[in-house]
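I would like the atomic coordinates for the input below:
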Amino acid sequence: MRVIVVGGGVVGTMHAWQAVQRGHEVVQIEREAEARGASLRNFGQIWVSGRAGGEELDTALRARELWERIGAEVPGLGFRAIGSLTPVRNPLEYAVAEAAVARPDAAARGYELVTAEQARKINPALRGAFEAALWCERDAAVEPRTAQLHLREALRATGRYTFLPGREVREVVGPGAVRDDHGDVHLGDAVVLATGAWLSGLVRELAPELPVRRVRLQMMQTAPLGEPLTTSVADTDSFRYYPAYKSAALDELNAGQAQSPVAAAHKMQLLMVQRQDGGLTIGDTHEYEHPFAFDTLEEPYEHLTGVVESFLGRPLPKIRHRWAGVYAQCTDTSRVVHRQQVADGVWLVTGIGGRGMTCSPAVAETTANELGW
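From the prediction side, this is the model:
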């Protein structure tokens, strides 16, 4: 079988991986010289802990298993089973963490409520003031800016993979066949459109009533911390955004402890991961209303800096990069992904939201199974 994958991000690349692993030939087409969207502009987190139960958690757990397996085959991914810590500072926050640990699926997520002393043994860089922490053993990380590069190197080594950058697919010209803006026609047995937040052009023509929205976020990255941050770190504002933390205790937190005005205005939470060069990737904000602003705002960065410094008990290293990114999310946020046959032999896979880096291996595996690859 010959599979055409349109889109060079992590979702498209994982579809290419699945096809090649199953013995098929793959041509992957990317409109930029390299993917430049949400697949690079993220934390690199394999984030199991906050996922909703049922399909979303099952997908994240399967993806976590696949990431570890692929990471063993492709060391350049930088897969690290580091877990995560969410420090809590008062009884309201503690109660939400306690409710999370009492969930029936807590063991699958790797939840454990630990003391501040235990948290500092797990992550000695957390020298700030807090009372306890929610430890999530199943969370992990990879290097987002280079993951696709290393995956493609491994795919090329099979002799059954071709990457074609700088080409925009413009038209479906037959079953499993597309034409790009160079005028070249690519013939296959199946086409997967994994175009991320690019929902215009051909995607709009094929699926004009797509139940997907775009979300904008801001993030930053620092100079090296100078010491290991041995886990990823979240703050308790993340409790308000991730469905795994819904509980009566969360209702009490929301009623009794408002977010700071900046965090509330920008729908913020802290997520932080250390890169292999020692720098910290820190975010994020959420913007849903179109049209998006073209500039980044300083107040969210100032807020995140204060939160991080309170956990580390030290000044944040110099900020080297600030950026905004856009991802596509199903309007029904309980859905993991929107997968739709949009033409004969052509399938669209989008709307994975902020779960792309986490869930893409399992999403691609499901596509391959459903299409009978």
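
Tell me, how many residues neighbour residue 317?
17 (other Cβ atoms under 10 Å). (Glycine included, C-beta is placed from N, CA and C.)

That one reaches residue 275, doesn't it?
No: look at residue 317 against residue 275 with Cβ atoms under 8 Å: they stay out of range, at 11.7 Å.

Quick check: bridge partners of residue 114?
Here residue 114 sits in beta bridges with residue 133, going by DSSP bridges.

And for it, the neighbour number?
The burial count for residue 114: 17, using other Cβ under 10 Å.

ranges for the helices of the stretch 1-150 of the chain?
For the stretch 1-150 of the chain, applying DSSP state H, counting those that start in this stretch gives helices covering 10-21, 55-73, 91-101, 106-109, 116-122, 147-156.

now for these, which one comes closest to residue 347?
helix 10-21 (9.4 Å; Cβ to Cβ).

how far does that closest one sit from the chain's center?
16 Å (Cα atoms, centre = their mean, to the nearest Å).

which helices and strands does that helix pack with?
strand 2-6, strand 25-30, helix 147-156, strand 346-350, helix 356-371 (3 or more Cβ pairs under 8 Å, 6 or more residues apart in numbering; DSSP states H and E).

Nearest approach to residue 165 belongs to which of the ones you listed?
The closest of these to residue 165 is strand 25-30. By Cβ to Cβ, the value is 4.8 Å.

For the helices of the stretch 1-150 of the chain, could you give me TSV that also reports distance to residue 332, mean pLDDT and mean neighbour count?
Putting the helices of the stretch 1-150 of the chain into TSV (distance: least, Cβ to Cβ, whole Å; pLDDT from 0 to 100; neighbours: other Cβ atoms under 10 Å) gives the following:
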stretch	distance to residue 332	mean pLDDT	mean neighbour count
helix 10-21	18	97	27
helix 55-73	12	97	19
helix 91-101	24	98	20
helix 106-109	23	96	17
helix 116-122	36	98	16
helix 147-156	28	96	19
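
May I see those arranged in CSV, with distance to residue 192 as well?
Listed next are the helices of the stretch 1-150 of the chain as CSV, based on distance: least, Cβ to Cβ, whole Å:
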stretch, distance to residue 192
helix 10-21, 5
helix 55-73, 17
helix 91-101, 36
helix 106-109, 29
helix 116-122, 40
helix 147-156, 15
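
so which of the ones you listed comes closest to residue 216?
Using Cβ to Cβ, the nearest of the helices of the stretch 1-150 of the chain to residue 216 is helix 10-21, at 18.5 Å.

Export that closest one to CSV, keeping only CA atoms.
These are the backbone C-alpha positions of helix 10-21, laid out as CSV (Å, rounded to 0.1, in the frame of the first residue of the first chain):
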residue,chain,number,x,y,z
VAL,A,10,3.5,15.4,14.9
VAL,A,11,0.0,14.0,13.9
GLY,A,12,1.0,13.6,10.3
THR,A,13,4.4,12.2,11.1
MET,A,14,2.8,9.6,13.5
HIS,A,15,0.5,8.6,10.7
ALA,A,16,3.5,8.1,8.5
TRP,A,17,5.2,6.1,11.3
GLN,A,18,2.2,3.8,11.6
ALA,A,19,2.0,3.2,7.9
VAL,A,20,5.8,2.5,7.5
GLN,A,21,5.8,0.3,10.6
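
ok, back up a step: residue 287: which of the helices and strands packed on helix 10-21 is closest?
helix 356-371 (17.5 Å).

which secondary structure elements does the closest one contact?
Looks like helix 356-371 contacts helix 10-21, strand 45-46, helix 55-73, strand 338-343, strand 346-350 (3+ Cβ pairs under 8 Å, 6+ apart).
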